[in-house]
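*Asks:* Provided below are the primary sequence and the corresponding predicted coordinates.
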Amino acid sequence: MTPTHTLKLHRHPLSGHSHRAQLALSLMGLPHELIEVDTPTLADIAGYSYISAAPEGNVDLSAYPNVRAWLARVEALPGFVPFQKTPVGLAA
């Protein structure tokens, strides 16, 4: 069955995962278009709020350098306002 539409992949500096999706789509022979964007997505903003608080739930992010690098890229965005840190979990 041949796809009837082209899948659109959005690539921006915060993520780095669109290349994996592009490779998978290419290997499957599915039509796709790579769209360059320079702004964060809703997934970046929503995901940050949970992932940045992982240490408060005793989840150590030190073993995940790519996650920590992504958090740093989000934190470097203009106008970024950090969450208040609480002395719980790994910070206790």
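*Replies:* Alright, I've got the coordinates.
*Asks:* From here on, just use CA atoms for contacts and neighbour counts.
*Replies:* Fine.
*Asks:* Helix, strand, or coil at residue 43?
*Replies:* For residue 43, the secondary structure call by DSSP: H, G, I helix; E, B strand; the rest coil comes out as helix.
*Asks:* Tell me how far it lies from residue 53.
*Replies:* 16 Å (CA to CA, to the nearest Å).
*Asks:* swap in residue 68?
*Replies:* Distance from residue 68 to residue 53, by CA to CA: 12 Å.
*Asks:* go on, residue 63?
*Replies:* Counting by CA to CA, the gap from residue 63 to residue 53 is 15 Å.
*Asks:* again, but for residue 77
*Replies:* Distance from residue 77 to residue 53, by CA to CA: 18 Å.
*Asks:* Neighbour count for the two, which is higher?
*Replies:* Between residue 77 and residue 53, counting by other CA atoms under 10 Å, residue 53 is the more crowded of the two (15 against 12).
*Asks:* Quick one, grab the pLDDT at that one.
*Replies:* On the pLDDT scale, residue 53 is placed at 89.
*Asks:* is it fair to say residue 79 lies in a strand?
*Replies:* No: assessed with three-state DSSP, residue 79 is coil; it does not lie in a strand.
*Asks:* Just read off the phi/psi values of residue 80.
*Replies:* phi -60, psi 130 (degrees, to the nearest 10).
*Asks:* List the buried residues for stretch 70-83?
*Replies:* Within stretch 70-83, the residues scored as buried using 16 or more other CA atoms under 10 Å are 70-71, 74.
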